[in-house]
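Peer 1: this is a predicted model, with the sequence first.
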Amino acid sequence: MMSIYDIEYNKLCDSSELSNYKFIKLNLEDKDALQKLFEENNFDYVINLGAQAGVAHSINHPHTYINSNIFGFLNILECCRHHQIQHLIYASTSSVYGLNEKMPLTETDSVNHPLTLYSASKKSNELMAHSYSHLFQLPTTGLRFFTVYGTWGRPDMALFLFTEAMINNKPIKIFNNGQMVRDFTYVDDITESILRLIPLAPITNEVWDAQNPDPSTSSACYRILNIGNSNPISIMKYVEILEKKIGKEAIKQFEPMRQGDIKETHASHTALEKLINYKPSIKIEDGVGRFVDWYRNYYNV
């Protein structure tokens, strides 16, 4: 199977299975290549999920976050501005809620206390998007994803790391001695939500109150939305579900809280459901099961 590393840089590739799908390997920081891509294609909508992600990685590699998430996102905004994009949807993160402890976390909450440069860079994306919505009438929707998991997941995420370790009889690291709670959201719920949002570009909010400003919307064509399951579970319950699916007990190695981690997340998805008549609903047991089945099949284990 061809990997991303086998594909030539800046070369448009067709799919042998999907006639309307094309792929090109580019860096968001490559302004000239990105501009050329927009010039040669008549895009109507842009969904920007590309970024340098991960809380722990940002502690020791801060420059990669600025390059990708700030300079790269600026290039996306500029291209969208100059090519009359009808709706820009981009990935933010639940990490922007930082020190907030009032649950559930809602889009109207303040996000002025990020814990890492990663979360600060994603809040910066939201601010940058608002300025372009205001100055150039570019409709933008920022999506705060809550602990996305599922098939083809990132290998640095807990589910991938836990599954790989358990199948190979190696210990799993459980931070904060297991006293962590996450609002896990299955990837299919994420994609379904995005698909429904594409034609629903935000418009000017005529009732937006500048005296009592709601940070999730604006007098510009701008919005922020949570996408989360709104059913948080403890990490220990998560491991228990995984143990049942794999059929063996995990070798647990308890560790202290990692720098920059948030102890608990719990998404309010009221605004999302009202807008698209859909809410993430795949149960954690089903989602974990699907991932393990995919992992065993993909790695033939």
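Peer 2: Cool, the structure landed. Numbers count the residues shown, from 1 in each chain.

Peer 1: break down this structure into its strands, ranges please.
Peer 2: For the chain, the strands defined by DSSP state E cover 13-14, 22-23, 45-48, 87-93, 140-145, 148-149, 171-174, 181-182, 185-186, 222-227, 233-234, 251-254.

Peer 1: for the ones you listed, could you give me CSV that also reports distance to residue 240?
Peer 2: Every C-beta, even on glycine, is put in place using the N, C-alpha and C of the backbone. Below are these laid out as CSV (distance: least, C-beta to C-beta, whole Å):
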stretch, distance to residue 240
strand 13-14, 42
strand 22-23, 38
strand 45-48, 35
strand 87-93, 26
strand 140-145, 24
strand 148-149, 16
strand 171-174, 12
strand 181-182, 14
strand 185-186, 18
strand 222-227, 25
strand 233-234, 9
strand 251-254, 11
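
Peer 1: which of those strands sits closest to residue 279?
Peer 2: For residue 279, the closest of these is strand 222-227, at 9.1 Å, according to C-beta to C-beta.

Peer 1: neighbours around the closest residue to residue 110 other than its chain neighbours, how many?
Peer 2: Spatial nearest neighbour of residue 110, excluding adjacent residues (C-beta to C-beta, 6 or more residues apart in numbering): residue 215 at 7.0 Å. Neighbour count of residue 215, defined by other C-beta atoms under 10 Å: 14.

Peer 1: now tabulate the strands of the chain in JSON lines and tack on distance to residue 113 and mean neighbour count.
Peer 2: Below are these laid out as JSON lines (distance: least, C-beta to C-beta, whole Å; neighbours: other C-beta atoms under 10 Å):
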{"stretch": "strand 13-14", "distance to residue 113": "42", "mean neighbour count": "12"}
{"stretch": "strand 22-23", "distance to residue 113": "38", "mean neighbour count": "12"}
{"stretch": "strand 45-48", "distance to residue 113": "25", "mean neighbour count": "18"}
{"stretch": "strand 87-93", "distance to residue 113": "14", "mean neighbour count": "22"}
{"stretch": "strand 140-145", "distance to residue 113": "15", "mean neighbour count": "25"}
{"stretch": "strand 148-149", "distance to residue 113": "23", "mean neighbour count": "22"}
{"stretch": "strand 171-174", "distance to residue 113": "26", "mean neighbour count": "16"}
{"stretch": "strand 181-182", "distance to residue 113": "19", "mean neighbour count": "20"}
{"stretch": "strand 185-186", "distance to residue 113": "23", "mean neighbour count": "26"}
{"stretch": "strand 222-227", "distance to residue 113": "17", "mean neighbour count": "26"}
{"stretch": "strand 233-234", "distance to residue 113": "24", "mean neighbour count": "14"}
{"stretch": "strand 251-254", "distance to residue 113": "27", "mean neighbour count": "12"}
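
Peer 1: now do the helices in this structure.
Peer 2: Applying DSSP state H to the chain gives helices spanning 31-40, 55-60, 62-65, 73-82, 117-136, 158-167, 187-197, 235-246, 270-276, 284-299.

Peer 1: lowest-confidence stretch among these?
Peer 2: Note on the helices of the chain: lowest mean pLDDT is at helix 55-60, with a mean of 82.
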